[in-house]
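fold the following and give me the result.
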Amino acid sequence: MAVGWVFAGVTGGGGPVGVPKCGLVRAVVQRASSASVSVDGKVTAQLDAPGLVVLLGVSHADTVQTAAALAGKIYRLRILADERSCAELAAPLLVISQFTLYADTSKGRRPSWQGAAPGPVAEPLVTAFADELRRLGGRVQTGVFGAHMQVALVNDGPVTLIVEA
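I've put the predicted structure just below:
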(Lines give C-alpha, C1' and ligand atoms only; values in the text may rest on other atoms or scores of the structure.)
Protein backbone atom coordinates (compact mmCIF):
# COMPACT_ATOMS: atom_id res chain seq x y z
CA MET A 1 0.00 0.00 0.00
CA ALA A 2 1.39 3.37 -0.94
CA VAL A 3 0.95 6.06 1.67
CA GLY A 4 1.38 9.70 0.75
CA TRP A 5 1.70 12.48 3.28
CA VAL A 6 -0.66 15.41 3.25
CA PHE A 7 0.86 18.83 3.83
CA ALA A 8 -1.17 22.02 3.64
CA GLY A 9 -0.82 23.62 0.22
CA VAL A 10 1.10 20.68 -1.25
CA THR A 11 -1.60 18.13 -2.08
CA GLY A 12 -4.62 20.39 -1.86
CA GLY A 13 -5.92 19.08 1.44
CA GLY A 14 -7.42 15.76 2.44
CA GLY A 15 -6.63 15.87 6.12
CA PRO A 16 -4.70 17.65 8.84
CA VAL A 17 -1.10 18.69 8.18
CA GLY A 18 1.32 15.77 8.48
CA VAL A 19 -1.40 13.12 8.52
CA PRO A 20 -0.94 10.09 6.27
CA LYS A 21 -3.35 10.13 3.34
CA CYS A 22 -4.20 6.51 2.63
CA GLY A 23 -7.51 6.55 0.78
CA LEU A 24 -8.19 2.96 1.77
CA VAL A 25 -10.79 1.72 4.19
CA ARG A 26 -8.95 -1.04 6.07
CA ALA A 27 -10.45 -4.14 7.65
CA VAL A 28 -9.26 -7.14 9.58
CA VAL A 29 -11.63 -9.97 8.67
CA GLN A 30 -11.84 -13.08 10.83
CA ARG A 31 -13.81 -16.22 10.09
CA ALA A 32 -15.60 -17.01 13.35
CA SER A 33 -17.74 -19.86 14.60
CA SER A 34 -19.12 -17.47 17.23
CA ALA A 35 -18.59 -13.85 18.28
CA SER A 36 -20.13 -11.11 20.38
CA VAL A 37 -19.63 -7.50 21.42
CA SER A 38 -20.39 -6.31 24.94
CA VAL A 39 -20.57 -2.79 26.36
CA ASP A 40 -20.76 -2.32 30.11
CA GLY A 41 -21.25 -6.07 30.58
CA LYS A 42 -24.27 -6.24 28.22
CA VAL A 43 -24.11 -8.07 24.88
CA THR A 44 -25.01 -5.51 22.22
CA ALA A 45 -24.36 -7.58 19.08
CA GLN A 46 -23.45 -11.13 18.15
CA LEU A 47 -23.19 -13.60 15.32
CA ASP A 48 -26.23 -15.91 15.32
CA ALA A 49 -24.35 -18.50 13.22
CA PRO A 50 -20.80 -18.97 11.91
CA GLY A 51 -19.75 -15.96 9.83
CA LEU A 52 -17.30 -13.07 9.68
CA VAL A 53 -16.09 -10.55 12.23
CA VAL A 54 -15.00 -7.34 10.51
CA LEU A 55 -12.82 -4.87 12.42
CA LEU A 56 -13.09 -1.69 10.34
CA GLY A 57 -10.68 1.25 10.26
CA VAL A 58 -11.37 4.50 8.43
CA SER A 59 -8.75 7.06 7.32
CA HIS A 60 -9.07 10.76 6.53
CA ALA A 61 -9.24 10.22 2.79
CA ASP A 62 -11.93 7.53 2.75
CA THR A 63 -15.29 8.07 1.10
CA VAL A 64 -18.68 6.38 0.95
CA GLN A 65 -17.50 4.87 -2.34
CA THR A 66 -14.40 3.25 -0.80
CA ALA A 67 -16.49 1.97 2.11
CA ALA A 68 -19.04 0.46 -0.31
CA ALA A 69 -16.29 -1.13 -2.42
CA LEU A 70 -14.78 -2.77 0.64
CA ALA A 71 -18.20 -3.99 1.80
CA GLY A 72 -18.78 -5.69 -1.56
CA LYS A 73 -15.34 -7.25 -1.52
CA ILE A 74 -15.79 -8.68 1.99
CA TYR A 75 -19.36 -9.86 1.37
CA ARG A 76 -18.16 -11.89 -1.63
CA LEU A 77 -14.87 -13.04 -0.06
CA ARG A 78 -14.69 -16.83 -0.36
CA ILE A 79 -13.23 -17.76 3.03
CA LEU A 80 -16.13 -19.61 4.66
CA ALA A 81 -16.82 -23.36 4.55
CA ASP A 82 -16.09 -25.00 1.19
CA GLU A 83 -14.56 -21.74 -0.10
CA ARG A 84 -17.89 -19.95 -0.09
CA SER A 85 -18.82 -16.38 0.81
CA CYS A 86 -21.34 -14.66 3.05
CA ALA A 87 -23.25 -13.88 -0.15
CA GLU A 88 -23.49 -17.58 -1.02
CA LEU A 89 -24.22 -18.89 2.48
CA ALA A 90 -26.23 -15.99 3.93
CA ALA A 91 -23.68 -16.04 6.76
CA PRO A 92 -23.85 -13.20 9.27
CA LEU A 93 -21.31 -10.40 9.68
CA LEU A 94 -20.35 -8.57 12.86
CA VAL A 95 -18.91 -5.13 12.02
CA ILE A 96 -16.86 -3.34 14.67
CA SER A 97 -15.29 0.09 14.20
CA GLN A 98 -11.61 0.06 15.18
CA PHE A 99 -9.62 3.27 14.70
CA THR A 100 -6.49 1.53 16.02
CA LEU A 101 -6.06 -0.15 12.62
CA TYR A 102 -4.49 3.15 11.52
CA ALA A 103 -1.95 3.27 14.35
CA ASP A 104 1.49 4.52 13.39
CA THR A 105 4.09 2.66 15.42
CA SER A 106 7.14 3.79 13.44
CA LYS A 107 8.49 6.10 16.15
CA GLY A 108 8.97 5.42 19.82
CA ARG A 109 6.75 3.24 21.96
CA ARG A 110 3.55 5.29 21.88
CA PRO A 111 1.37 4.79 18.79
CA SER A 112 0.10 7.81 16.90
CA TRP A 113 -3.57 7.74 15.89
CA GLN A 114 -3.36 10.60 13.36
CA GLY A 115 -3.98 8.29 10.39
CA ALA A 116 -7.45 7.41 11.71
CA ALA A 117 -10.36 9.64 10.77
CA PRO A 118 -11.97 11.47 13.70
CA GLY A 119 -15.36 10.24 14.95
CA PRO A 120 -17.52 12.72 13.02
CA VAL A 121 -15.86 11.56 9.77
CA ALA A 122 -15.50 7.87 10.62
CA GLU A 123 -18.92 7.10 12.09
CA PRO A 124 -20.93 7.88 8.92
CA LEU A 125 -18.49 5.79 6.86
CA VAL A 126 -18.75 2.82 9.23
CA THR A 127 -22.53 3.16 8.97
CA ALA A 128 -22.28 3.36 5.15
CA PHE A 129 -20.15 0.19 5.15
CA ALA A 130 -22.72 -1.72 7.25
CA ASP A 131 -25.61 -0.32 5.19
CA GLU A 132 -23.95 -1.46 1.95
CA LEU A 133 -23.55 -4.97 3.37
CA ARG A 134 -27.27 -4.93 4.20
CA ARG A 135 -28.14 -3.59 0.73
CA LEU A 136 -26.23 -6.54 -0.74
CA GLY A 137 -28.31 -8.92 1.38
CA GLY A 138 -26.02 -9.32 4.38
CA ARG A 139 -27.21 -10.07 7.88
CA VAL A 140 -25.24 -7.44 9.79
CA GLN A 141 -24.83 -6.65 13.46
CA THR A 142 -22.57 -3.81 14.61
CA GLY A 143 -20.57 -2.80 17.62
CA VAL A 144 -21.27 0.51 19.38
CA PHE A 145 -19.29 3.30 17.71
CA GLY A 146 -16.94 5.07 20.12
CA ALA A 147 -17.75 2.80 23.07
CA HIS A 148 -15.27 0.75 25.05
CA MET A 149 -16.21 -2.71 23.78
CA GLN A 150 -15.28 -6.21 24.78
CA VAL A 151 -15.11 -8.45 21.72
CA ALA A 152 -15.26 -12.21 22.18
CA LEU A 153 -14.81 -14.58 19.27
CA VAL A 154 -13.83 -18.08 18.35
CA ASN A 155 -11.67 -17.70 15.25
CA ASP A 156 -12.41 -20.63 12.95
CA GLY A 157 -9.35 -22.04 11.24
CA PRO A 158 -7.87 -19.66 12.28
CA VAL A 159 -8.56 -17.48 9.28
CA THR A 160 -7.63 -13.78 9.57
CA LEU A 161 -7.13 -11.44 6.60
CA ILE A 162 -6.28 -7.78 6.18
CA VAL A 163 -8.47 -6.38 3.41
CA GLU A 164 -8.35 -2.91 1.83
CA ALA A 165 -10.37 -1.29 -0.91
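
and the helices in this structure?
Ranges of helices in the chain, per DSSP state H, are 64-75, 86-89, 119-135.

tell me which of those is the most buried.
With neighbours defined as mean count of other Cβ atoms under 10 Å, the helices of the chain peak in mean count at helix 64-75, which reaches a mean of 20. Where C-beta positions appear, they are placed from N, C-alpha and C, glycine not excepted.

average pLDDT across that one?
Mean per-residue pLDDT for helix 64-75: 96.

and if you look at stretch 141-149?
Across stretch 141-149, the average pLDDT comes to 97.

and if you look at stretch 44-59?
97.

how many neighbours does Ala117 have?
Number of residues near Ala117 (other Cβ atoms under 10 Å) recorded here: 23.

what do you get for Pro158?
Using other Cβ under 10 Å, Pro158 has 9 other residues around it.

when you give positions from now on, start the count at 55
In the new numbering, first residue 55, that becomes Pro212.

hmm, it is touching Val83, no?
No. With contact defined as Cβ atoms under 8 Å, Pro212 does not count as touching Val83 (11.7 Å).

which residue is nearest the middle of this structure?
The residue lying closest to the centre of the chain (Cα atoms, centre = their mean) is Leu110, at 1.1 Å.

ok, it - contacts?
Neighbour list for Leu110: Val79, Arg80, Ala81, Val149, Ile150, Ser151, Gln152, Leu155, Val180, Phe183 [criterion: Cβ atoms under 8 Å, 6 or more residues apart in numbering].

ramachandran angles for Leu131?
Note on Leu131: its backbone torsions stand at phi -70, psi 120 [degrees, to the nearest 10].

I figured it hits Val83, correct?
Yes. If you go by Cβ under 8 Å, Leu131 and Val83 touch, sitting 6.8 Å apart.

between these two, which is the more surrounded one?
Higher neighbour count among Leu131 and Val83: Val83, with 21 against 17, using other Cβ under 10 Å.

distance check, Ser151 against Leu110.
Ser151 sits 6 Å away from Leu110, going by Cβ to Cβ, to the nearest Å.

for these two, list the residues in contact with both.
Val180.
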